[in-house]
Every structure is written in C-alpha cells, then in structure tokens.
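Colleague: Using only what follows, build the 3D model:
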Amino acid sequence: QVQLVESGGGLVQAGGSLRLSCAASGRTFSSYTMGWFRQAPGKEREFVAAISRSGGITYYADAVKGRFTISRDNAKNTVYLQMYSLEREDTAVYYCAGSRDISVRTTRYDYWGQGTQVTVSS
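Modeller: Residues are numbered from 1 along each chain as shown. Below is the predicted model:
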C-alpha cells in the first residue's frame, strides 16, 4: 500500500513556474513507477509525465514536452514535477500516481494522491 500526498500547487501568472511535489509513504516507493496526471474542469484526466523506478526513463505528453520535468528522489520517497513557461491551458488539478509498470494510461495506476490545484492566470 502506498499513500501519496501532493503539494506545491497555487496561482501563478502565465509564463511563470511552479514545482509540484508528491510525498509517498511506505518503504516500497522505489518499486513503483510514478506519473503525474491532470484534470481540468469538464475534461477527462490526462497524462502529463511518467518516470521509471530508477528515474532513468521519462515520458511526457506532447503538450508539456520541453516545459515540464519529472524527477524523483527515492531516498526521500518523493516525485517532483517542475513546470516552466506555464500557460492558461495548464490550469487543472494535478495528481500523482503510482504503478507497477510505466504507462500513460490512468487505468494502469493503482495509487493516487488527492490532487493539488494549479491555476495559471493571464
């Protein structure tokens, strides 16, 4: 069992930056691939980024490629999402999630955090 708690969301102007963190409980964090997803009002939850157990492999949605960076610190049981050049379209609730296999599909993730709101103003 893994419990995930996101933090770091907030209100930021377009072009600004934020770093989201996701702290995991338990000793097995390093055995999970981790992902970030987001859900805007009225839209389905969508993939943002994913990272392998060791951190050596990462995947990004096209919409965020080059602007967002996912990383993890297994010693701290934490995964991060560094977001640069934020756009209004990035406004959403951001969720971190854990899976046994790296994937872009929400259905492959077993554990989810409660989400953190990111609002980008123009």
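Colleague: Might you report the residue contacts of the residue nearest the centre of the chain?
Modeller: Residue closest to the mean C-alpha point of the chain, counted by C-alpha atoms, centre = their mean, is residue 36 at 2.4 Å. With contact taken as C-beta atoms under 8 Å, 6 or more residues apart in numbering, residue 36 is in contact with 20, 22, 48-50, 70, 79, 81, 94-97. To be clear about C-beta, it is placed using only N, CA and C from the backbone, and glycine gets the same treatment.
Colleague: Show me what it is bridged to.
Modeller: Residue 36 has these beta-bridge partners by DSSP bridges: residue 49, residue 96.
Colleague: Need the pLDDT of it.
Modeller: In this model, residue 36 is scored at 98, pLDDT.
Colleague: and what of the one 3 residues further on?
Modeller: With respect to pLDDT, residue 39 has a value of 98.
Colleague: Can you report how many residues lie near it?
Modeller: When neighbours are counted by other C-beta atoms under 10 Å, residue 39 registers 15.
Colleague: Any idea how many residues pack against the closest residue to it other than its chain neighbours?
Modeller: Distance criterion C-beta to C-beta, 6 or more residues apart in numbering; nearest residue to residue 39, sequence neighbours excluded, is residue 45 at 4.2 Å. Residues lying near residue 45 (other C-beta under 10 Å) number 16.
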